[in-house]
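> how would this look folded up:
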Amino acid sequence: MQRVLKSFQNFPYRSSQFVMKQVAQVLPLPIPPVLQGAGMVRRFPEIITISGVTKVLVVTDKPLYSMGLLDSFLCALETNGIDAIVFDKVQPNPTFENVEDGLALYYSSNCQGVVAFGGGSSIDCGKIIAAKVTNRKSIEKMRGLFKLTHRLPPFFAIPTTSGAGSEATICAVITDVKNHEKFAINDPKLVPLATVFDPELTVGLPPSLTATTGMDALTHAVEAYIGKYDTSFVKEKALNATEIIINNLENTYHHGDDLELRLKMAQASFDAGLAFTRAYVGYVHAIAHAMGGFYGVPHGLANAIILPYILEFSKQSAAKKLAELAFYAGLGQAMNDDETLADLLIEKIKAMNTSMGIPTTIYALKEKDIPELTKRILKEGNPTYPVPRIMNIQECSEILIKLCPKTASTV
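Predicted coordinates:
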């Protein structure tokens, strides 16, 4: 009886998701061409010149710029007759203010295009700056699906981490500091014209960042695969990303100077991005966005911590798909049943987190905030995310209690 009642309560969510799945299957989403290989960032300006721009705003963060990581790219731009105006004020969770400051510099410098150089934060910020150039509306009014009416000026992405996959997606995430909230803007116009995988840009990543960005990419792949919007394309890309990350991330963590491993992780991040931009994500992201908006917790770290909890919650409805991911990644044997393989995948993810120093709780989460966080998480997740198992208030609160350092030990 309880199962029937829950199915009835979830019917509006599933109906909405059914309609969106039909739209997702026929909506053409661009795949940016990729220039890949060591040193290819110095050849990337040759691609940019095809767009006809002669001055670009380069959106990045201060640490990357101070390290000199952009130097060879900026020199190559100059060699190809392109002037670069550097905006290096992007924060780890980019804000409205970051976008407006970058936009002001774009206009005052008479730029003609945008190049985002950095991790997911820089690429997301660059996307929204470019969107604001041609779409004269507030960031709040861009929130959600398909709110952009005009194409972006020439926009290119150069990722320096392997996790967010923003170089492949229709998504950009922004933080509303005033309301302590993170939200996404989703539109095919946000896909870059081209991108580059240069492993030389990622060899200097600290091991901790290699770990959390890699687990971020794994979260994208897994949530895309187990969700209700899976297609043959989504499955192919998600399986490939999962296999690469499961079998290579820990080695990359320990051997960060290995260019071959770095290139594999860049491909995994890209494939995971292609998968989730077509299949959407799930409750891991809903919780991670709340942690980022409320406390400024880095997105990749939050995803890494949360992922095992959500997979355990989802297992009763997603055991078959979790088993497929596990088997494709080389975990278990064909004779194992779905539940065993699903458990092997979840335990492998937990073991990866442990070996890479990722904690089991979210340091900033406060018990007193759980009621408000629960509301925000379910508002974002239901019915937007096509999750295998729909979560209610009590279930969401129970997961947050497990994630809270003060209450985790009492569960």
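
> Let me see the ranges of the strands in the protein.
34-36, 55-59, 83-87, 113-118, 144-145, 155-159, 171-176, 181-186, 195-197 (DSSP state E).

> okay, those in a markdown table with distance to Asp343 and mean pLDDT next?
C-beta here means a position set from N, CA and C on the backbone, and glycine is covered the same way. Below are the strands of the chain laid out as a markdown table (distance: least, Cβ to Cβ, whole Å; pLDDT from 0 to 100):
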| stretch | distance to Asp343 | mean pLDDT |
| --- | --- | --- |
| strand 34-36 | 36 | 96 |
| strand 55-59 | 43 | 98 |
| strand 83-87 | 47 | 98 |
| strand 113-118 | 37 | 98 |
| strand 144-145 | 35 | 89 |
| strand 155-159 | 33 | 98 |
| strand 171-176 | 31 | 95 |
| strand 181-186 | 31 | 93 |
| strand 195-197 | 34 | 98 |
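
> okay if I get those as CSV plus distance to Leu373 and mean neighbour count?
CSV is the format used below for the strands of the chain (distance: least, Cβ to Cβ, whole Å; neighbours: other Cβ atoms under 10 Å):
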stretch, distance to Leu373, mean neighbour count
strand 34-36, 37, 15
strand 55-59, 30, 25
strand 83-87, 32, 19
strand 113-118, 28, 29
strand 144-145, 21, 12
strand 155-159, 30, 28
strand 171-176, 15, 23
strand 181-186, 11, 21
strand 195-197, 34, 25
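
> can you redo the ones you listed as TSV with distance to Lys264?
Output for the strands of the chain, formatted as TSV (distance: least, Cβ to Cβ, whole Å):
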stretch	distance to Lys264
strand 34-36	11
strand 55-59	27
strand 83-87	30
strand 113-118	21
strand 144-145	32
strand 155-159	14
strand 171-176	23
strand 181-186	27
strand 195-197	10
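
> residue contacts, the nearest residue in space to Met291 that is not next to it in sequence?
Once flanking residues are discounted, Met291 sits nearest to Val297: 4.0 Å by Cβ to Cβ, 6 or more residues apart in numbering. By Cβ atoms under 8 Å, 6 or more residues apart in numbering, Val297 lies in contact with Ala288, Met291, Ile362, Tyr363, Ala364.

> So the nearest residue to Thr149 once chain neighbours are set aside versus Thr354, what's the distance?
With sequence-adjacent residues excluded and distances taken as Cβ to Cβ, 6+ apart, Thr149 is closest to Asn135, at 6.1 Å. To Thr354, Asn135 is 44 Å away according to Cβ to Cβ, to the nearest Å.

> So for these two, which sits in the more crowded spot?
Asn135 (19 against 11; other Cβ atoms under 10 Å).

> measure the more buried one to Pro153 for me?
11 Å.

> Please work out how many residues are found near Asn110.
10.

> With adjacent residues omitted, what lies nearest to it?
Leaving out its chain neighbours, the residue that sits closest to Asn110 by Cβ to Cβ, 6+ apart is Lys55, at 6.4 Å.

> for Arg151, same thing?
Excluding its sequence neighbours, the residue lying closest to Arg151 (Cβ to Cβ, 6+ apart) is Lys189, at 5.5 Å.

> what does Ala268 give?
Distance criterion Cβ to Cβ, 6+ apart; nearest residue to Ala268, sequence neighbours excluded, is Ile244 at 3.9 Å.

> thinking the one you found is in contact with Lys264, fair?
Yes: Ile244 is within contact range of Lys264, at 5.4 Å (criterion: Cβ atoms under 8 Å).

> check contacts around Glu97.
Val177.

> do you know how far it is from Ala131?
Taking Cβ to Cβ, one finds Glu97 at 16 Å from Ala131.

> residue boundaries of the helices in the stretch 51-200 of the chain?
Using DSSP state H, counting those that start in this stretch, the helices of the stretch 51-200 of the chain run over residues 62-67, 71-79, 96-108, 120-134.

> what comes up buried for the second one?
The neighbour-count criterion (16 or more other Cβ atoms under 10 Å) identifies Phe73, Leu74, Ala76, Leu77 as the buried residues of helix 71-79.

> contact partners of it?
41-45, 48, 56, 58, 83-84, 86, 117, 158.

> same thing but 7 Å
The contact list for helix 71-79 (Cβ atoms under 7 Å, 6 or more residues apart in numbering) reads Val41, Arg42, Phe44, Pro45, Ala84, Phe117, Ile158.

> could you check the angle helix 120-134 makes with the lengthiest helix in the chain?
Longest helix of the chain, by residue count under DSSP state H: helix 299-328. Going by axes from the mean of the first three to the mean of the last three Cα atoms, to 10 degrees, helix 299-328 is angled at 110 degrees with respect to helix 120-134.

> Tell me the gap between helix 299-328 and the middle of its chain.
Centre-to-centre, helix 299-328 and its host chain are 16 Å apart (Cα atoms, centre = their mean, to the nearest Å).

> what comes up buried for it?
299-311, 313-315, 318-319, 321-328.

> Against which helices or strands is it packed?
helix 207-226, helix 232-254, helix 283-295, helix 338-355, helix 393-403 (3 or more Cβ pairs under 7 Å, 6 or more residues apart in numbering; DSSP states H and E).

> Which one of the ones you listed lies nearest to Glu372?
helix 283-295 (8.3 Å; Cβ to Cβ).

> Please state the offset of the closest one from the chain centre?
For helix 283-295, the distance to the chain centre is 12 Å (Cα atoms, centre = their mean).

> Now do the contacts for the closest residue to Ile305 other than its chain neighbours.
Spatial nearest neighbour of Ile305, chain neighbours left out: Ile362 (5.8 Å); criterion: Cβ to Cβ, 6+ apart. Each residue near Ile362 by Cβ under 7 Å, 6+ apart is listed here: Met291, Val297, Ala302, Ile305, Leu403.

> Tell me how far the last one lies from Gly282.
In this structure, Leu403 and Gly282 are 16 Å apart, going by Cβ to Cβ.

> show me where pLDDT drops low in the chain?
Applying pLDDT under 70 to the chain flags residues 1-9, 11-27, 410-411.
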